[in-house]
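Asks: please work out how this folds:
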Amino acid sequence: MYDLPPVGLGTMGLDGPTGADAVATALDLGYRHLDTAQIYDNESVVGDGLAASSVPREDVLLATKVWADSLSPATTLRESVEASLDRLGVDAVDLLYVHRPIETYDPEVTLPVLDEFVDDGRVGAVGVSNFTVEELDEVRELLDSPLGAHQTEYHPLFQRPKLVEHAREGGYPLVAYSPLAGGRVFDVPELTDVAEKHDTTEAAVSIAWLAGLDVVVTIPKASSRAHLEANLAAAELELDDEDVAAIEAIDREEELFPE
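Replies: Coordinates of the predicted model:
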């Protein structure tokens, strides 16, 4: 299993020189996991931020995702991955995800090609994103290399315990995106109660709750230095059993990014 840090940097929406500055600042503050995707249209921005930082490339876990229109045929997928590496300005990425199992996704074509990139050293591990338990089982059957990670929307308003259990049993990390539910966590009374108890914010509570799950890490997006620092520090917040029970009992479900 990849030993992912409890909090990484989600980069959707980071753009231009300010986006690159945010990436460089995050690395300087201690972030060591950067997550981007072809569909974010900012791989070059993330690459610029990585290049501008004094943190050595080998100390950073860099992840990107292949969008659904480029997952087959094999020649298209190979060209797509190579283009991502060029935009990022690197020889290899540590994690390469199938972004969604839709459109051109063909597991019997897509997964063997991604295995080729693992074999030649240009990809550290293959990950998948937004998969169901059944789709994850198929991946593990067809993929020669160990599954590197599964990334999914996960926050107090969209809880995925079955996916956590599958990750735990499968020995791979679950990467939770949108941990703040697009800002909705600030309007959840249960989170406010826990936050007031610990003299912190609802955002910190949500990140701490996710980071406290044994196979889960999270990748909140932030651009300002203050928010970058706060999100990183949130992993140090210790929630007690009562806090966790209150969060897990939230009777509200809001998925931000359905298929």
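Asks: just the helices in this protein please.
Replies: Using DSSP state H, the helices found in the chain span residues 16-29, 43-52, 74-88, 107-119, 133-142, 161-170, 189-197, 202-211, 225-234, 241-248.
Asks: including distance to Leu180, could these go into JSON lines?
Replies: C-beta coordinates here come from the backbone N, C-alpha and C atoms, glycine included. Formatted as JSON lines, the helices of the chain follow (distance: least, Cβ to Cβ, whole Å):
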{"stretch": "helix 16-29", "distance to Leu180": "16"}
{"stretch": "helix 43-52", "distance to Leu180": "20"}
{"stretch": "helix 74-88", "distance to Leu180": "26"}
{"stretch": "helix 107-119", "distance to Leu180": "30"}
{"stretch": "helix 133-142", "distance to Leu180": "25"}
{"stretch": "helix 161-170", "distance to Leu180": "19"}
{"stretch": "helix 189-197", "distance to Leu180": "10"}
{"stretch": "helix 202-211", "distance to Leu180": "5"}
{"stretch": "helix 225-234", "distance to Leu180": "9"}
{"stretch": "helix 241-248", "distance to Leu180": "13"}
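Asks: out of those, flag the one nearest Val217.
Replies: Val217 lies closest to helix 202-211 among these, at 6.7 Å (Cβ to Cβ).
Asks: helices or strands up against that closest one?
Replies: Helix 202-211 is packed against helix 189-197, strand 216-218, helix 225-234, helix 241-248, with contacts defined by 3 or more Cβ pairs under 8 Å, 6 or more residues apart in numbering; DSSP states H and E.
Asks: deepest-packed of the ones you listed, please.
Replies: Compared across the helices and strands packed on helix 202-211, strand 216-218 shows the largest average neighbour count, a mean of 25 (mean count of other Cβ atoms under 10 Å).
Asks: show residues contacting it.
Replies: For strand 216-218, contacts defined as Cβ atoms under 8 Å, 6 or more residues apart in numbering pick out 4-8, 33, 154, 164, 167, 173-177, 179, 207, 210-211.
Asks: what of stretch 9-25?
Replies: With Cβ under 8 Å, 6+ apart as the criterion, stretch 9-25 contacts 26, 31, 33-37, 40-42, 45-46, 48-50, 52-53, 177-178, 219-225, 228.
Asks: fine, thanks again, bye for now.
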